[in-house]
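Q: predicted model, plus sequence, below.
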Amino acid sequence: MMSLSAPDIVDALSERVVGRRRELEVLVAALVADRHVLLEGPPGTGKSTILREVAAAAGTGFVFVEGNAELTPARLAGQFDPSRVLEDGYTPDVFVDGPLVEALRHGSLLYVEELNRVPEETVNLLITVMSEGELTLPRLGTISAADGFRLVAAMNPFDNIGTARVSGAVYDRMCRIAMGYQSLDDESDIVVRNTSEDDRVLRRRAVAVTRGTRNHPDVRVGSSVRGAIDLVEVGHALASMRSAQVTDPSVGLDAALTALSGRIRLHEGGSSTPESVITDLWEAVLAQEHPRDDDDSSSGKATAPDGATPASP
């Protein structure tokens, strides 16, 4: 399957992927052992990035499938071209390969994103392939998996909207790798690599606020590191437009509201709004930099813009 040895692949990946040494090792080991893999974790933890890098380093094909309710068995496996069937009949050369058949024929890694959004009848195709190493389609016959074919699926266990519980039959046929959020240092490094401006103060604030969304009592699902990346980029653009310093608290707050308020999911029934939560977190980060002094009116506290609900005192 792989043109390089497993240790060489992991070493090569370590230069391209921030952190994740353990996850890289167990993923590569599972693929070398001819296992199918389920990557389970919240959005923005690098599941698809890691697999793309694994495929590139290993010199193997990579076929991407977006999992959603519209992924029918025909869209996954492929189907006969109706117009050509009228002329030539059901012959193999008029069959249009779907991503599953393409990966089977060429021995590629098949990556199915958001597996728990895929309809059950489509998932059953994957179960058959994992069990038998082949797929049988009416009028086409049996397609056996070429050497190197692996199925790697990903799912977000925290988002229950439009998802279904993955059956035990799937778990029984896959090795599971849990992927949580990375460390503070790793996320800071990711922001540096993915932003055009490297301002240490804004980056530190962005990462701190983003990580804070994951532990806030009113938040059910926090933001990924993508929120911190967007916060830094928007903050620099906004500071330039206002002819202000990027460290200006009001600039940072507006950037944080823009980058993070749509990325968090609150617990139902609460009185908080995304704006009030982000404002609360932003002020907490600033307070850590400048311990509160009730007699000092220049503490640097930012205020929520019009339309945002101020944080409770």
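A: Right, received. Where do you want to start? Numbers count the residues shown, from 1 in each chain.
Q: contact partners for Arg214?
A: 181, 222-223 (CB atoms under 8 Å, 6 or more residues apart in numbering). In this view, the C-beta of every residue, glycine as well, is placed from N, C-alpha and C.
Q: mind putting these into JSON lines with pLDDT, distance to Asp280 and neighbour count?
A: Output for these, formatted as JSON lines (pLDDT from 0 to 100; distance: CB to CB, whole Å; neighbours: other CB atoms under 10 Å):
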{"residue": "Tyr181", "pLDDT": "88", "distance to Asp280": "20", "neighbour count": "19"}
{"residue": "Gly222", "pLDDT": "91", "distance to Asp280": "13", "neighbour count": "23"}
{"residue": "Ser223", "pLDDT": "93", "distance to Asp280": "14", "neighbour count": "29"}
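Q: so which of the residues you listed comes closest to Glu70?
A: For the contacts of Arg214, the minimum distance to Glu70 (CB to CB) is 27.1 Å, reached by Ser223.
Q: which residues touch that closest one?
A: 44, 210, 213-214, 260, 263-264.
Q: switch the cut-off to 10 Å
A: Going by CB atoms under 10 Å, 6 or more residues apart in numbering, Ser223 touches 42-44, 181, 209-214, 230-231, 256, 259-265, 278.
Q: show me the strands in the protein, by range?
A: For the chain, strands defined by DSSP state E occupy the ranges 37-40, 62-66, 78-80, 95-97, 109-113, 134-137, 141-144, 150-155, 175-178, 219-221, 265-266.
Q: could you save these as CSV and add columns showing mean pLDDT and distance to Pro274?
A: Converted to CSV, those look like this (pLDDT from 0 to 100; distance: least, CB to CB, whole Å):
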stretch, mean pLDDT, distance to Pro274
strand 37-40, 91, 26
strand 62-66, 91, 26
strand 78-80, 85, 42
strand 95-97, 87, 43
strand 109-113, 91, 25
strand 134-137, 89, 44
strand 141-144, 90, 47
strand 150-155, 90, 25
strand 175-178, 92, 27
strand 219-221, 89, 9
strand 265-266, 90, 7
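Q: tabulate the ones you listed (JSON lines), appending distance to Leu238 and mean neighbour count.
A: Formatted as JSON lines, these follow (distance: least, CB to CB, whole Å; neighbours: other CB atoms under 10 Å):
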{"stretch": "strand 37-40", "distance to Leu238": "35", "mean neighbour count": "22"}
{"stretch": "strand 62-66", "distance to Leu238": "32", "mean neighbour count": "18"}
{"stretch": "strand 78-80", "distance to Leu238": "47", "mean neighbour count": "19"}
{"stretch": "strand 95-97", "distance to Leu238": "47", "mean neighbour count": "16"}
{"stretch": "strand 109-113", "distance to Leu238": "32", "mean neighbour count": "24"}
{"stretch": "strand 134-137", "distance to Leu238": "52", "mean neighbour count": "16"}
{"stretch": "strand 141-144", "distance to Leu238": "53", "mean neighbour count": "13"}
{"stretch": "strand 150-155", "distance to Leu238": "33", "mean neighbour count": "25"}
{"stretch": "strand 175-178", "distance to Leu238": "37", "mean neighbour count": "15"}
{"stretch": "strand 219-221", "distance to Leu238": "24", "mean neighbour count": "18"}
{"stretch": "strand 265-266", "distance to Leu238": "25", "mean neighbour count": "16"}
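Q: quick one: the helices in the protein, in order.
A: 6-14, 21-32, 47-58, 73-77, 82-88, 99-106, 120-132, 168-171, 184-193, 200-212, 225-242, 249-260, 274-289 (DSSP state H).
Q: can you list the strands of the chain in a markdown table and add distance to Ala29?
A: Shown next, in a markdown table, are these (distance: least, CB to CB, whole Å):
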| stretch | distance to Ala29 |
| --- | --- |
| strand 37-40 | 10 |
| strand 62-66 | 19 |
| strand 78-80 | 31 |
| strand 95-97 | 30 |
| strand 109-113 | 15 |
| strand 134-137 | 25 |
| strand 141-144 | 25 |
| strand 150-155 | 12 |
| strand 175-178 | 9 |
| strand 219-221 | 30 |
| strand 265-266 | 34 |
